[in-house]
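Colleague: my questions are about this predicted structure, shown below with the sequence.
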Amino acid sequence: MNSNNIYMIIGREIYTYDKRTKCYEKFKYEDIDFIYFKNKKLNIILEGEEIYNLKLNLPRMNNISLKKNIEKEVNLLFKKDDILFDYEVIKSSDKNLITSIKCINTDKYEIIDRYFAGCKSLRIIPIQEVLTKYIKNKAKVKEGIVIALIKEHLYFIILKYGDIVFCILNKDADEKNTNNLCEESLNIITKSLEHLSLSIENNMYLINLNLDKKHTNDFNIKRFNIKTEELFYVN
């Protein structure tokens, strides 16, 4: 990603990376150059949002109809019309398509629409995807559990075949309560793996935190420390 065209939404505020000062700073509405945006492809990193993974079995159809049908199904599921989603076809036959869908039910939609609706192309990227790419670049990760503490948010990510198959988000976390939150979330992850009939390698990737040995004894551990501004450089 080009760091000149990346913005991060944290809470209700937007940040951009300033290469001159080498740090990210708050982005103000009055700073917007709408003519500049109109001709640009922009990337928005969403921080503090949950990812929901779905699978849909649909009749075979063209790409335009497929997107419309997936959007309809997602909106019905969440009972609202502004759900962000991405999808891929993971299996196809002469009659059917099996799709894997990632959804984000966010209250930041109005911010995105207000600031960025006029740009040429807009890509919404949950921070979980950015963290996963960061680790995959560093350690060639294919599967395992990623646990990351970014600001006050604690993310749990299950990777299988290099892709996110399940996520948990705990808000208002800090270094004092991470072990308790980890114990609860690891129990949920274990049950989710059983429910999904998935097995993964015993790899655990820790970002910006340390855990008690009782949580890590059964895993091969790799630790990373990430500054927020580094996420603007992940490719």
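Modeller: Done, it's in.
Colleague: who's in contact with whichever strand or helix holds residue 186?
Modeller: Here residue 186 sits within helix 178-196, counting by DSSP states H and E. Contacts of helix 178-196 from elsewhere in the structure, counted by Cβ atoms under 8 Å, 6 or more residues apart in numbering, are 145, 147, 149, 154, 156, 158, 165-166, 168, 170, 173, 199-200, 209, 211-212, 215. From N, CA and C alone the C-beta is placed, and that goes for glycine too.
Colleague: just the buried ones from the residues you listed?
Modeller: 145, 147, 149, 154, 156, 158, 165-166, 168, 170, 173, 200, 209, 211, 215 (16 or more other Cβ atoms under 10 Å).
Colleague: in strands only, show me those.
Modeller: Judged by DSSP state E, the buried ones among the contacts of helix 178-196 include 145, 147, 149, 154, 156, 158, 165-166, 168, 170 as members of strands.
Colleague: excluding its backbone neighbours, what's nearest residue 81?
Modeller: residue 75 (5.2 Å; Cβ to Cβ, 6 or more residues apart in numbering).
Colleague: please apply the same query to residue 171.
Modeller: Residue 171's closest residue in space is residue 153 (Cβ to Cβ, 6+ apart), at 5.7 Å.
Colleague: and residue 218, by the same measure?
Modeller: residue 202 (6.0 Å).
Colleague: how about the one you found, phi and psi?
Modeller: Residue 202 adopts backbone torsions of phi -80, psi 60, taken as degrees, to the nearest 10.
Colleague: now swap in residue 160 and tell me
Modeller: Here residue 160 shows phi and psi, under degrees, to the nearest 10, equal to phi -140, psi 130.
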